[in-house]
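S.K.: fold the following, please.
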Amino acid sequence: GGIKQLAKWLSEHPACRLVIIDTLAKIRKLNDNPRSVYMEEYQVGDYLKRLADQFGVAILVLHHIRKMAADDPLETVSGSFGLTGVADGALIIQRSRGQADATLWVMGRDIAQERQVALRFDSTTAQWTLMGDASAYQMSKERREIIRVLEEAGQALTVRDVAGLVGKPQPQVKIMLWRMYQEGQIRNAGDGRYETVAARTVPELPVTDESIHVSNRCNRVTGVTAD
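M.R.: Sure thing, here's the model as predicted:
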(Lines give C-alpha, C1' and ligand atoms only; values in the text may rest on other atoms or scores of the structure.)
Protein backbone atom coordinates (compact mmCIF):
# COMPACT_ATOMS: atom_id res chain seq x y z
CA GLY A 1 0.00 0.00 0.00
CA GLY A 2 2.99 2.33 0.08
CA ILE A 3 2.52 3.52 -3.51
CA LYS A 4 -1.10 4.49 -2.86
CA GLN A 5 -0.16 6.30 0.36
CA LEU A 6 2.60 8.21 -1.40
CA ALA A 7 0.30 9.09 -4.29
CA LYS A 8 -2.31 10.41 -1.84
CA TRP A 9 0.30 12.51 -0.03
CA LEU A 10 1.63 13.95 -3.31
CA SER A 11 -1.87 14.89 -4.43
CA GLU A 12 -2.30 16.79 -1.16
CA HIS A 13 1.08 18.53 -1.52
CA PRO A 14 1.36 19.69 -5.16
CA ALA A 15 4.37 21.90 -4.40
CA CYS A 16 6.53 18.87 -3.63
CA ARG A 17 9.31 18.36 -6.17
CA LEU A 18 11.53 15.74 -4.52
CA VAL A 19 10.82 12.45 -2.75
CA ILE A 20 13.69 10.55 -1.13
CA ILE A 21 13.31 6.88 -0.24
CA ASP A 22 15.93 5.91 2.33
CA THR A 23 16.43 3.04 1.82
CA LEU A 24 14.56 0.93 -0.71
CA ALA A 25 15.02 -2.21 1.39
CA LYS A 26 12.95 -0.66 4.20
CA ILE A 27 9.80 -0.23 2.13
CA ARG A 28 9.85 -2.84 -0.62
CA LYS A 29 7.79 -6.00 -0.35
CA LEU A 30 9.77 -9.16 -1.03
CA ASN A 31 8.30 -12.22 -2.61
CA ASP A 32 9.41 -15.39 -0.85
CA ASN A 33 9.50 -17.34 -4.11
CA PRO A 34 9.98 -14.87 -6.96
CA ARG A 35 9.78 -16.38 -10.41
CA SER A 36 12.21 -13.77 -11.65
CA VAL A 37 14.31 -11.50 -9.46
CA TYR A 38 14.82 -9.19 -12.42
CA MET A 39 11.08 -8.81 -13.10
CA GLU A 40 10.26 -8.31 -9.42
CA GLU A 41 12.83 -5.55 -9.04
CA TYR A 42 11.86 -4.01 -12.37
CA GLN A 43 8.24 -3.87 -11.17
CA VAL A 44 9.29 -2.04 -7.98
CA GLY A 45 11.14 0.56 -10.04
CA ASP A 46 8.30 0.81 -12.53
CA TYR A 47 5.80 1.69 -9.79
CA LEU A 48 8.04 4.55 -8.63
CA LYS A 49 8.80 5.68 -12.19
CA ARG A 50 5.10 5.98 -13.08
CA LEU A 51 4.43 7.83 -9.82
CA ALA A 52 7.21 10.31 -10.58
CA ASP A 53 5.87 10.94 -14.08
CA GLN A 54 2.30 11.31 -12.85
CA PHE A 55 3.08 14.01 -10.28
CA GLY A 56 6.08 15.59 -11.98
CA VAL A 57 8.45 14.95 -9.09
CA ALA A 58 11.93 13.50 -8.78
CA ILE A 59 12.13 10.31 -6.74
CA LEU A 60 15.58 9.55 -5.37
CA VAL A 61 15.90 5.95 -4.23
CA LEU A 62 18.83 5.05 -1.99
CA HIS A 63 20.08 1.51 -2.44
CA HIS A 64 23.16 -0.50 -1.49
CA ILE A 65 25.98 -1.71 -3.69
CA ARG A 66 27.81 -5.03 -3.63
CA LYS A 67 31.24 -5.38 -2.09
CA MET A 68 32.66 -7.04 -5.20
CA ALA A 69 34.25 -4.81 -7.83
CA ALA A 70 33.01 -4.81 -11.44
CA ASP A 71 34.06 -3.31 -14.76
CA ASP A 72 30.60 -1.78 -15.20
CA PRO A 73 29.53 0.41 -12.23
CA LEU A 74 25.91 -0.67 -12.75
CA GLU A 75 26.94 -4.24 -11.93
CA THR A 76 27.93 -3.12 -8.43
CA VAL A 77 24.33 -2.24 -7.56
CA SER A 78 22.90 -4.88 -5.23
CA GLY A 79 20.42 -7.20 -6.92
CA SER A 80 19.68 -7.52 -10.63
CA PHE A 81 19.63 -4.98 -13.46
CA GLY A 82 15.88 -4.60 -12.87
CA LEU A 83 16.21 -1.51 -10.68
CA THR A 84 18.79 0.32 -12.77
CA GLY A 85 17.07 -0.76 -15.98
CA VAL A 86 13.85 1.10 -15.21
CA ALA A 87 15.43 4.18 -13.58
CA ASP A 88 16.00 7.32 -15.63
CA GLY A 89 19.45 7.76 -14.11
CA ALA A 90 21.92 6.28 -11.66
CA LEU A 91 24.35 7.90 -9.25
CA ILE A 92 26.84 5.37 -7.91
CA ILE A 93 29.33 6.27 -5.19
CA GLN A 94 32.41 4.10 -4.82
CA ARG A 95 34.80 4.59 -1.92
CA SER A 96 37.43 2.45 -0.26
CA ARG A 97 36.93 1.81 3.44
CA GLY A 98 38.61 4.46 5.58
CA GLN A 99 39.19 6.84 2.65
CA ALA A 100 37.83 10.39 2.45
CA ASP A 101 37.95 10.48 -1.36
CA ALA A 102 35.30 8.77 -3.47
CA THR A 103 34.20 8.47 -7.09
CA LEU A 104 30.69 9.31 -8.25
CA TRP A 105 29.45 7.77 -11.51
CA VAL A 106 26.70 9.78 -13.21
CA MET A 107 24.78 7.98 -15.94
CA GLY A 108 21.29 7.84 -17.38
CA ARG A 109 19.00 8.10 -20.40
CA ASP A 110 18.99 11.90 -20.50
CA ILE A 111 22.75 12.20 -19.93
CA ALA A 112 24.56 12.46 -23.25
CA GLN A 113 27.92 11.41 -21.82
CA GLU A 114 28.56 9.46 -18.64
CA ARG A 115 30.63 11.30 -16.06
CA GLN A 116 33.00 10.21 -13.35
CA VAL A 117 33.57 12.91 -10.75
CA ALA A 118 35.67 13.03 -7.60
CA LEU A 119 34.13 13.61 -4.17
CA ARG A 120 35.60 14.29 -0.74
CA PHE A 121 33.75 13.60 2.50
CA ASP A 122 34.01 15.98 5.45
CA SER A 123 33.32 14.02 8.63
CA THR A 124 32.89 17.25 10.61
CA THR A 125 29.98 18.56 8.54
CA ALA A 126 28.90 15.15 7.15
CA GLN A 127 28.88 16.63 3.65
CA TRP A 128 30.33 15.68 0.28
CA THR A 129 32.35 18.21 -1.71
CA LEU A 130 32.63 18.02 -5.48
CA MET A 131 36.34 18.04 -6.43
CA GLY A 132 35.89 17.97 -10.23
CA ASP A 133 36.61 15.41 -12.91
CA ALA A 134 37.77 12.16 -11.32
CA SER A 135 40.63 11.43 -13.71
CA ALA A 136 41.99 14.99 -13.49
CA TYR A 137 41.67 15.01 -9.70
CA GLN A 138 43.39 11.65 -9.40
CA MET A 139 46.21 12.92 -11.57
CA SER A 140 46.67 16.05 -9.45
CA LYS A 141 46.57 13.87 -6.32
CA GLU A 142 49.39 11.69 -7.67
CA ARG A 143 51.39 14.77 -8.59
CA ARG A 144 51.00 16.19 -5.09
CA GLU A 145 52.28 12.89 -3.73
CA ILE A 146 55.38 13.09 -5.94
CA ILE A 147 56.10 16.67 -4.84
CA ARG A 148 55.71 15.61 -1.21
CA VAL A 149 58.19 12.77 -1.69
CA LEU A 150 60.73 15.11 -3.31
CA GLU A 151 60.32 17.68 -0.54
CA GLU A 152 60.79 15.11 2.21
CA ALA A 153 63.85 13.65 0.48
CA GLY A 154 65.58 17.04 0.48
CA GLN A 155 67.59 16.04 -2.59
CA ALA A 156 67.16 15.09 -6.24
CA LEU A 157 65.77 11.60 -6.79
CA THR A 158 65.84 9.18 -9.71
CA VAL A 159 62.72 7.81 -11.36
CA ARG A 160 63.29 4.49 -9.59
CA ASP A 161 63.54 6.23 -6.22
CA VAL A 162 60.30 8.18 -6.74
CA ALA A 163 58.45 5.11 -8.04
CA GLY A 164 59.46 3.12 -4.97
CA LEU A 165 58.39 5.85 -2.56
CA VAL A 166 54.97 6.49 -4.13
CA GLY A 167 54.31 2.82 -4.85
CA LYS A 168 53.64 3.25 -8.59
CA PRO A 169 55.08 1.44 -11.64
CA GLN A 170 58.34 2.99 -12.84
CA PRO A 171 57.21 3.60 -16.46
CA GLN A 172 54.11 5.43 -15.23
CA VAL A 173 56.13 7.58 -12.82
CA LYS A 174 58.71 8.35 -15.53
CA ILE A 175 56.03 9.79 -17.83
CA MET A 176 54.46 11.75 -14.98
CA LEU A 177 57.80 13.23 -13.90
CA TRP A 178 58.54 14.29 -17.46
CA ARG A 179 55.15 15.99 -17.80
CA MET A 180 55.55 17.72 -14.46
CA TYR A 181 58.96 18.96 -15.56
CA GLN A 182 57.54 20.21 -18.86
CA GLU A 183 54.83 22.12 -16.96
CA GLY A 184 57.33 23.64 -14.54
CA GLN A 185 56.12 21.79 -11.44
CA ILE A 186 59.50 20.19 -10.74
CA ARG A 187 63.14 20.68 -11.88
CA ASN A 188 65.40 18.34 -13.82
CA ALA A 189 68.61 18.12 -11.79
CA GLY A 190 70.43 16.12 -14.49
CA ASP A 191 71.54 12.50 -14.60
CA GLY A 192 67.90 11.41 -14.67
CA ARG A 193 67.16 12.97 -11.29
CA TYR A 194 64.36 15.36 -10.34
CA GLU A 195 63.87 17.82 -7.50
CA THR A 196 61.36 20.42 -6.35
CA VAL A 197 61.32 23.88 -7.89
CA ALA A 198 62.31 25.34 -4.52
CA ALA A 199 65.46 23.19 -4.39
CA ARG A 200 67.98 25.72 -5.71
CA THR A 201 71.69 25.54 -5.12
CA VAL A 202 72.68 28.76 -3.36
CA PRO A 203 76.41 29.56 -3.49
CA GLU A 204 78.03 30.26 -0.14
CA LEU A 205 79.38 33.79 0.17
CA PRO A 206 82.10 34.90 2.55
CA VAL A 207 80.72 36.65 5.63
CA THR A 208 82.35 39.95 6.52
CA ASP A 209 81.55 42.81 8.88
CA GLU A 210 80.52 44.87 5.86
CA SER A 211 78.02 42.26 4.64
CA ILE A 212 76.49 42.06 8.12
CA HIS A 213 76.20 45.84 8.22
CA VAL A 214 74.52 46.00 4.80
CA SER A 215 72.13 43.18 5.71
CA ASN A 216 71.02 44.90 8.91
CA ARG A 217 70.66 48.24 7.16
CA CYS A 218 68.39 46.69 4.51
CA ASN A 219 66.31 45.08 7.28
CA ARG A 220 66.66 41.62 5.75
CA VAL A 221 66.61 38.32 7.55
CA THR A 222 69.69 36.30 6.67
CA GLY A 223 71.45 33.24 7.98
CA VAL A 224 74.03 35.41 9.73
CA THR A 225 73.80 36.42 13.37
CA ALA A 226 75.97 39.27 14.57
CA ASP A 227 76.91 39.39 18.24
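
S.K.: ranking helices and strands of this structure by mean pLDDT, which lands last?
M.R.: Using mean pLDDT, DSSP states H and E, the weakest-scoring helix or strand in the chain turns out to be helix 209-217, at a mean of 43.

S.K.: name the element residue 180 belongs to?
M.R.: helix 170-182 (DSSP states H and E).

S.K.: how about the strands in this protein?
M.R.: Remark: strands assigned in the chain by DSSP state E are 18-21, 58-61, 89-94, 101-108, 115-122, 127-133, 157-158, 186-190, 193-196.

S.K.: ok, and for the fifth one, which residues are buried?
M.R.: Translated: strand 115-122. Under the neighbour-count criterion of 16 or more other CB atoms under 10 Å, strand 115-122 has 116, 117, 118, 119, 121 buried. Where C-beta positions appear, they are placed from N, C-alpha and C, glycine not excepted.

S.K.: which one of the residues you listed is nearest residue 54?
M.R.: Residue 54 has its nearest neighbour among those in residue 117, at 31.2 Å by CB to CB.

S.K.: so that closest one sits right up against residue 129, yeah?
M.R.: No - the criterion here is CB atoms under 8 Å, and residue 117 misses it with residue 129 at 10.8 Å.

S.K.: report the central residue of the chain.
M.R.: residue 118 (2.6 Å; CA atoms, centre = their mean).

S.K.: what is the burial count for residue 67?
M.R.: 8 (other CB atoms under 10 Å).

S.K.: from residue 94, how far off is it?
M.R.: For residue 67, the distance to residue 94 (CB to CB, to the nearest Å) stands at 11 Å.

S.K.: check residue 189 too.
M.R.: From residue 189 to residue 94 the distance is 39 Å (CB to CB).

S.K.: which one is residue 18 nearest to, not counting chain neighbours?
M.R.: Take residue 18 and drop its neighbours on the chain: the residue closest to it by CB to CB, 6 or more residues apart in numbering is residue 58, 5.1 Å away.

S.K.: I misspoke; the intended subject was residue 143.
M.R.: residue 180 (6.0 Å).

S.K.: okay, now the unreliable bits of this protein?
M.R.: Scanning the chain for pLDDT under 70 picks out 30-34, 98-100, 139, 199-227.

S.K.: let's see that with 80 instead.
M.R.: 1, 29-35, 67-72, 96-100, 135-141, 183, 198-227 (pLDDT under 80).

S.K.: and the end-to-end length of stretch 114-130?
M.R.: 16 Å (CA to CA, to the nearest Å).

S.K.: what residues does it touch?
M.R.: Identification of contacts with stretch 114-130 by CB atoms under 8 Å, 6 or more residues apart in numbering yields 93, 95, 100-107, 131-135, 137-138.
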